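Enquirer: Have a look at this fold, sequence not included:
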């Protein structure tokens, strides 16, 4: 999404996470995870690190990914860490839950995180349409990458996580985000995520 | 440490974590944790976010906290996240362990993380004396803030985590780091950390 936003050309190598390639294992020996970004034979791992790297290597190309004001950058980094840590732990626990009780707890945690992110949206967007203002950026990409998984959890388990009364702005933001060109070109839909999860033996 | 490095004046308000102040709870309602940095009536939370904020608000004052090269910044951010996430989870599990088995597992995880950080030190420092080169910076502060706790775990439980055969450079770095003025002025020693842990009922 970030490379598309900046209209940089790249080669996308999809990885089979059941059978990790030599390139993946060599490139990220510490976490053995995607995404991995290879540029000039140098490897950058971890989503938030990659987003900042792209912004810093190509600051003048296309829109900036992080806000320019230091305080707004700090707030975006704070919430991105919250999404990557707390929100991710919450929704992924829904898929991993071994009991109805654990699932209910994970659902309630996910909703609690989304309610906080509704507030964060108000504070970050300041009346604009994205977290980053008029165009998508750091926190839009970070949260947006989770939203498909959260929708998939709703569909696979017949549950409700996004509540239009409790998080109306976030719901509108999410629909708007998915329509942005740089996002729409690459983001997987709920069907594709569900197929992937089933292939990994999750949620059966 | 970062404010001292840049010779910026500040007021330090120590917090009683058993009885959190109104200021702490209002300033960081999401995590209810320290550190919290208040500047111009704006609040920045989370250590790594604060370090980057200070570097971005005062880029010309004193040495820079992050490396200037985008790739070196990415590597520093990658390892700082590793320290905050994996290393922290490992050593804190030693204090929390409810069984000898859990403690042994936490010890082995901590040592494994430190061995990886020995490699990281070689790659980041490139023969210089700190992760950040000739002067301390982002990753030095991040890892250095954990080193006292790791030493305290060694002393409290009579265990060995730092192994001079497996991580000779990291051990030298750690001793060197603690002698740097901006660090030495503020970093708590093992005795103080042990007193704090006992006051919190940990490790008894």
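Expert: That came through fine. Just so you know, these numbers come straight off a predicted model, no measurement behind them.
Enquirer: ok, which residues in chain A are in contact with chain B?
Expert: Residues of chain A found near chain B (CB under 8 Å from any CB of the partner chain) are A:30, A:42, A:44-46, A:48-50, A:52-53, A:56-57, A:70-71, A:73-74, A:77-78, A:81-82, A:116. Glycine gets a C-beta too; all of them are placed from N, C-alpha and C.
Enquirer: Next step: those residues restricted to strands.
Expert: A:42, A:44-45 (DSSP state E).
Enquirer: need the residues you listed in CSV with pLDDT, neighbour count and distance to residue B:130, can you?
Expert: As requested, these are exported to CSV (pLDDT from 0 to 100; neighbours: other CB atoms under 10 Å in any protein chain shown; distance: CB to CB, whole Å):
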residue, pLDDT, neighbour count, distance to residue B:130
A:42, 97, 12, 21
A:44, 98, 25, 22
A:45, 98, 23, 23
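Enquirer: and the closest residue to residue A:168 other than its chain neighbours, how many neighbours?
Expert: Distances taken as CB to CB, 6 or more residues apart in numbering or on different chains put residue A:118 closest to residue A:168, at 7.7 Å, once the chain neighbours are dropped. For residue A:118, the neighbour count with other CB atoms under 10 Å in any protein chain shown is 18.
Enquirer: hang on, residue A:118 packs against residue A:167?
Expert: Yes - between residue A:118 and residue A:167 there is a contact under CB atoms under 8 Å: 4.1 Å.
Enquirer: returning to what we had before: would you list the ones in strands among the residues of chain A next to chain B in JSON lines and tack on distance to residue A:64?
Expert: As requested, those are arranged in JSON lines below (distance: CB to CB, whole Å):
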{"residue": "A:42", "distance to residue A:64": "22"}
{"residue": "A:44", "distance to residue A:64": "18"}
{"residue": "A:45", "distance to residue A:64": "22"}
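Enquirer: For the top helix by length along chain A, list every residue counted as buried.
Expert: Determined from DSSP state H, the single longest helix within chain A is helix A:100-125. Residues A:103, A:106-107, A:109-111, A:113-114, A:116-118, A:120-121, A:124-125 are the ones in helix A:100-125 that count as buried (16 or more other CB atoms under 10 Å in any protein chain shown).
Enquirer: Stretch A:130-146 now?
Expert: Those would be A:130-133, A:135-146, for stretch A:130-146 by 16+ other CB under 10 Å.
Enquirer: taking the mean pLDDT, what do you get for that stretch?
Expert: Averaging pLDDT along stretch A:130-146 gives 96.
Enquirer: end-to-end on that stretch?
Expert: One end of stretch A:130-146 sits 16 Å from the other (CA to CA, to the nearest Å).
Enquirer: Identify all contacting residues around that stretch.
Expert: A:1-2, A:5, A:47-48, A:51-52, A:55, A:63-67, A:76-77, A:79-80, A:83-84, A:87-88, A:91, A:117, A:120-121, A:124-126, A:128, A:173-174, A:176-178, A:180, A:182-183, A:187 (CB atoms under 8 Å, 6 or more residues apart in numbering or on different chains).
Enquirer: From those, list just the buried residues.
Expert: Using 16+ other CB under 10 Å, the buried members of the contacts of stretch A:130-146 are A:1-2, A:5, A:47-48, A:51-52, A:55, A:64-67, A:76-77, A:79-80, A:83-84, A:87-88, A:91, A:117, A:120-121, A:124-125, A:173-174, A:177, A:180, A:182-183, A:187.
Enquirer: sorry, back to before: give the contact list for the residue nearest to residue A:168.
Expert: Taking CB under 8 Å, 6+ apart as the test, what residue A:118 contacts is A:166-170.
Enquirer: Quick check: which element contains the residue nearest the centre of chain A?
Expert: By CA atoms, centre = their mean, the mean C-alpha position of chain A lies nearest to residue A:145, the distance being 2.3 Å. In this assignment (DSSP states H and E), residue A:145 forms part of helix A:138-157.
Enquirer: after that helix comes which helix or strand?
Expert: helix A:168-179.
Enquirer: which element follows that next one toward the C-terminus?
Expert: Note on helix A:168-179: by DSSP H and E, the next helix or strand toward the C-terminus is helix A:181-184.
Enquirer: What is the distance between that following helix and the centre of its chain?
Expert: 13 Å (CA atoms, centre = their mean, to the nearest Å).
Enquirer: now do stretch A:133-142
Expert: Using CA atoms, centre = their mean, the offset of stretch A:133-142 from its chain centre is 11 Å.
Enquirer: next one: stretch A:148-164
Expert: Computed by CA atoms, centre = their mean, the chain-centroid distance of stretch A:148-164 equals 15 Å.
Enquirer: List the buried residues for that stretch?
Expert: A:148-154, A:156, A:161-162.
Enquirer: Thanks again, I'm all set now.
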